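1. Predicted model follows, preceded by the sequence.
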Amino acid sequence: MNFKLNIITASLLLASAPVLSANFAVSQANTTKVEQQNYQCQRCEVNSGYRGNVSVAAGYISRDDVHAANALGTDQDGFVATPNANVKYQNNDGYQAHLQTHQLGYENSFAEMSAGKAGLFNLDAGYQLITTYQSGDAQSNLYYDQGTLVNSAQPYGFELSQQREKFDIEADVKQDNYQGYVQFETEDKSGYTSSSIITPSPVNIGLVVDSTTDSFTAGAILNGANWITELSYFGSQYQNNAQDLSLTYQDDVYAAAPDNEAHQIALSGQYQLDSTVMSGRFIVGRMIQDDDLISMNGNPIQNWDGEIETTDATLKVSSMLSSRLRVGGSYDYSNRENNSSVFEFLQYTFNDLNDTFKENIATDIERSTYKLNAKYRISQDYRLQAGYDREEINRSYSAREETHDDTLWSKLSIRAVDNVIIDIKAEHSNRDGSEYQTDELTSSEENALMRKYYLANRTRNNVELSVNHTPLNWLSVDISAHYAKDDYDDTLIGLTESEDYGVNLNLNLNISKHVNLYGFASQQWINSAQASSQSYSTADWFTDIEDEFINIGTGISYGGLMQDKLTLGADYLFSNSNSDTYITSTGTSPYGDYYSYNHSTSLYANYSLSNEMALKLTYRYERYYDTDDAQMSLDEPASVITLGELNHNYNAHQVMLNFSYLL
């Protein structure tokens, strides 16, 4: 949004506050005796009129899987066409307008319009369509009939996809040191997603998605010579248009997500005093959920009076103590207070329904984060940064109510070698807290030895290295690597260890005036180990998970052909992900893996017909494959009904001819 840009501009003005406070601005100069007409530019021209380009693209798509639409932007097959535009207009009085559209008519497209005058006002409107495709071959023996899932003798096919359609409008006005803005956005979400019900055995279903989310933002900004402040309001309302689901022989087996709303009021500001900058933010909010509940035995209420009050605060200070040393610190506070109603419900046990009552638990979360840091310039070629972070979290009625993470980190930047930039960062952190309690209130069904990974004691070590080298004026090389290790030494049941490490390489070559080449490669490994128990005591089986990700890409652009009218280019991307799970009990056996790869190739030729007109011919090829051992046919498992095998194995082709006109 445009008002954010103005905040940045105002912040830059604050950086020069010592000068501005003396009020040496040009606007304060005494020009009463100056004949200004003698100093007016006689050759300056106002850049008025239209600028930009409009284009239309038409072509052909061949695919055999709707999943390819995630890459191609549309699920259309055969002939396709779409207009595009990026046009700016400005008149002699400084009024401006901008129109940008992308792939209109596709299932992934957008259009943006803006109009206004710099330093006075601006109006923006936008439209965006985002569609994601999971599978076009889902199957189910249950079909929808007015909120009822009806059994079908033969499975029917449907598409697992979700579409989000957004509209937004925004206006902001400026006057001297004042600025105000308002924004409204509405989003409709529709489609199908995979879900499950218990009937009493598990059944996977295609759940209807039909919801609307409206949000409204308004605020005012006031700034001075060395300060800026902002007061804003944000409100959001979610409405679920989907119904609760029933079976022909059982009512209300699935409760639709309830309607809810959220409100926030925020006050923020920044102040500069000499070489010290202070900023702060205070936010209060409320989330409300009071939709009707499903009627059932043992439920004493008809609607849920859910309410959560939130409080957030931030304070940051940064000061330049000398030409070499800068220090800073910050404090962040967040409180989530659950004021929802508490009722007594009949208590279900594992085997039967007894006559005891229990209350629902309204949990609160309070979080405080402290950060101290310093940056010291040892010399022109060496800079050192170091810091200490502490995060304290209180969770009421949790298996562990208090946790605190302490982190020490340091970063060294080296510029001692010509055309080489080296950054090294190291980090060590520990998590500890109050006594871990497994009791009937918090986790009566859990093993007393089990520790949840986000509550358990943890030691983390992390190292990062990045090197940027420009050995030649036409060659740039970037290399980075990282390694992180988490140890849960006090955990007997649960996550006991994890590690994450990887390397990245980027090359950019400007071989000549007309030839540019790039390439990149990255690989990442994520491994974890978990201890489990099927005897509800000490660990008797173990799981090792190994995930691997690979990305490789390259591209070339060759211009200057046919008297600078023709440019040829190519881009290629390969990605691969692999996940293996091994279970060890009496022996070690694979649990079933996940594997996927993708080849993406683009070839193009851009030909200039004239100074204003150009043609571009593009060919795209997508090869995608994945296999998940968890995917099963519709009736393969006796105890679970699935949506069928949703794996992908396809080729997709796209040929497009684009005509563009430069204004």
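-> Happy to help now that I have it.
2. Okay, now the unreliable bits of the protein?
-> 1-46, 298, 346-357, 438-445, 635, 637-638 (pLDDT under 70).
3. At the geometric centre of it, which residue sits there?
-> Nearest to the mean C-alpha position of the chain, by CA atoms, centre = their mean, lies residue 130 at 14.4 Å.
4. Quick check, that residue in contact with residue 163.
-> Yes. Taking contacts as CB atoms under 8 Å, residue 130 lies within contact range of residue 163: 7.2 Å. The C-beta positions use only the backbone N, C-alpha and C, and glycine is treated the same way.
5. returning to that earlier point: the residue nearest to the centre of the chain bridge partners, please.
-> Counting by DSSP bridges, residue 130 is bridged to residue 164.
6. Then residue 531?
-> Beta-bridge partners, per DSSP bridges, of residue 531: residue 494, residue 542.
7. Around it, how many other residues sit close by?
-> Using other CB atoms under 10 Å, residue 531 has 22 other residues around it.
8. Isn't it up against residue 496?
-> Yes. Counting by CB under 8 Å, residue 531 touches residue 496, with 5.4 Å between them.
9. between those two, what contacts are shared?
-> Common contact partners of residue 531 and residue 496 (CB atoms under 8 Å, 6 or more residues apart in numbering): none.
10. Show me the helices in the stretch 451-600 of the chain, by range?
-> In the stretch 451-600 of the chain, the helices defined using DSSP state H, counting those that start in this stretch lie at 561-564.
11. Please enumerate the strands of it.
-> Ranges of strands in the stretch 451-600 of the chain, per DSSP state E, counting those that start in this stretch, are 458-472, 475-487, 494-510, 515-532, 541-560, 566-584, 588-590, 594-608.
12. I'd like to know which elements the longest one is packed against.
-> Taking 3 or more CB pairs under 8 Å, 6 or more residues apart in numbering; DSSP states H and E as the contact definition, the neighbouring helices and strands of strand 541-560 are strand 515-532, strand 566-584.
13. Name the residues of the shortest one that come out as buried.
-> What that stands for is strand 515-532. Across strand 515-532, burial judged by 16 or more other CB atoms under 10 Å covers 516, 517, 518, 520, 522, 524, 526, 527, 528, 529, 530, 531.
14. One more: the last one?
-> Along strand 566-584, the positions that meet the burial threshold by neighbour count (16+ other CB under 10 Å) are 567, 569, 571-577, 579-581, 583.
15. Now the two most distant members of these.
-> Greatest spatial distance among the buried residues of strand 566-584 (CB to CB): 567 and 583, at 54.5 Å.
16. Residues in a beta bridge with residue 285, which ones?
-> residue 264, residue 310.
17. what sits against it?
-> With CB under 8 Å, 6+ apart, residue 285 has these contacts: 262, 263, 264, 265, 309, 310, 311, 312.
18. try 7 Å
-> 262, 263, 264, 310 (CB atoms under 7 Å, 6 or more residues apart in numbering).
19. any idea how far residue 234 is from it?
-> 8 Å (CB to CB, to the nearest Å).
20. overlap in contacts of those two?
-> Common neighbours of residue 285 and residue 234 (CB under 7 Å, 6+ apart) are residue 264.
21. ok, which stretches of the stretch 301-450 of the chain are helices?
-> Under DSSP H, counting those that start in this stretch, the stretch 301-450 of the chain gives helices at 440-443.
22. all strands of it, in order?
-> 306-320, 325-338, 344-348, 353-359, 365-377, 382-395, 402-414, 420-433.
23. Present the ones you listed as TSV; the columns should include mean neighbour count and distance to residue 627.
-> What follows is those, written out as TSV (neighbours: other CB atoms under 10 Å; distance: least, CB to CB, whole Å):
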stretch	mean neighbour count	distance to residue 627
strand 306-320	16	42
strand 325-338	16	41
strand 344-348	13	39
strand 353-359	10	44
strand 365-377	16	40
strand 382-395	16	40
strand 402-414	16	38
strand 420-433	16	37
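24. Would you format these as CSV with distance to residue 207 included?
-> Compiled in CSV, the strands of the stretch 301-450 of the chain are given as follows (distance: least, CB to CB, whole Å):
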stretch, distance to residue 207
strand 306-320, 22
strand 325-338, 27
strand 344-348, 25
strand 353-359, 29
strand 365-377, 29
strand 382-395, 30
strand 402-414, 35
strand 420-433, 37
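25. Among those strands, which comes closest to residue 474?
-> The nearest among the strands of the stretch 301-450 of the chain, by CB to CB, is strand 420-433 at 16.6 Å.
26. Give the pairing partners of that closest one; include direction for each.
-> strand 402-414 (antiparallel), strand 458-472 (antiparallel).
27. Looks like residue 241 contacts residue 211 (just checking).
-> Yes. At 6.1 Å, residue 241 counts as touching residue 211 under the criterion of CB atoms under 7 Å.
28. between the two, which one's more packed in?
-> Comparing residue 241 with residue 211 by neighbour count (other CB under 10 Å), the higher total belongs to residue 211, at 17 against 14.
29. got the buried residues for the strand or helix carrying that one?
-> Per DSSP states H and E, residue 211 falls inside strand 202-223. Neighbour-count burial for strand 202-223 flags 203-209, 211-213, 215, 217, 219, 221-223 (criterion: 16+ other CB under 10 Å).
30. go on, stretch 650-658?
-> Neighbour counts using 16+ other CB under 10 Å place 652, 654, 656, 658 of stretch 650-658 among the buried residues.
31. so how far is that stretch from its chain's centroid?
-> Counting by CA atoms, centre = their mean, to the nearest Å, stretch 650-658 is centred 29 Å from the centre of its parent chain.
32. rewinding a little: just the buried residues of stretch 650-658: which are in helices?
-> Judged by DSSP state H, helices contain none of those.
33. so residue 632 sits in a helix?
-> No. Under the criterion used here (DSSP: H, G, I helix; E, B strand; the rest coil), residue 632 is coil, not part of a helix.
34. so it sits right up against residue 642, yeah?
-> Yes. Using CB under 7 Å, residue 632 is in contact with residue 642, at 5.0 Å.
35. Between the two, which has more neighbouring residues?
-> residue 642 (22 against 17).
36. For residue 433, give me its contacts.
-> With CB under 7 Å, 6+ apart, residue 433 has these contacts: 400, 402, 403, 404.
37. Give me the distance between it and residue 489.
-> 15 Å.
38. Equivalent analysis for residue 128, please.
-> Using CB to CB, we find residue 128 at a distance of 48 Å from residue 489.
39. Show me which of these two is the more surrounded one.
-> residue 128 (17 against 10).
40. give the contact list for that one.
-> Counted by CB under 7 Å, 6+ apart, residue 128 has contacts 110, 166.
41. tell me the angle of the strand or helix carrying it relative to strand 202-223?
-> For residue 128, the host element (DSSP H and E) is strand 121-145. When axes from the mean of the first three to the mean of the last three CA atoms, to 10 degrees is applied, the directions of strand 121-145 and strand 202-223 differ by 170 degrees.
42. So for strand 121-145, what gets flagged as buried?
-> In strand 121-145, counting by 16+ other CB under 10 Å, buried: 121-122, 124, 126, 128-129, 131-142, 144.
43. Mind putting the strands of the stretch 451-600 of the chain into JSON lines with distance to residue 425?
-> Shown next, in JSON lines, are the strands of the stretch 451-600 of the chain (distance: least, CB to CB, whole Å):
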{"stretch": "strand 458-472", "distance to residue 425": "4"}
{"stretch": "strand 475-487", "distance to residue 425": "9"}
{"stretch": "strand 494-510", "distance to residue 425": "14"}
{"stretch": "strand 515-532", "distance to residue 425": "17"}
{"stretch": "strand 541-560", "distance to residue 425": "22"}
{"stretch": "strand 566-584", "distance to residue 425": "27"}
{"stretch": "strand 588-590", "distance to residue 425": "36"}
{"stretch": "strand 594-608", "distance to residue 425": "32"}
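44. Out of the ones you listed, which is closest to residue 337?
-> Nearest of the strands of the stretch 451-600 of the chain to residue 337, taken as CB to CB: strand 458-472 at 27.2 Å.
45. Pull out the buried residues from that closest one.
-> Judged by neighbour count using 16+ other CB under 10 Å, the buried positions of strand 458-472 are 458, 460, 462, 464, 466, 467, 469.
46. The first one reaches residue 491, doesn't it?
-> Translated: residue 458. No. With contact defined as CB under 7 Å, residue 458 and residue 491 do not form a contacting pair (8.7 Å).
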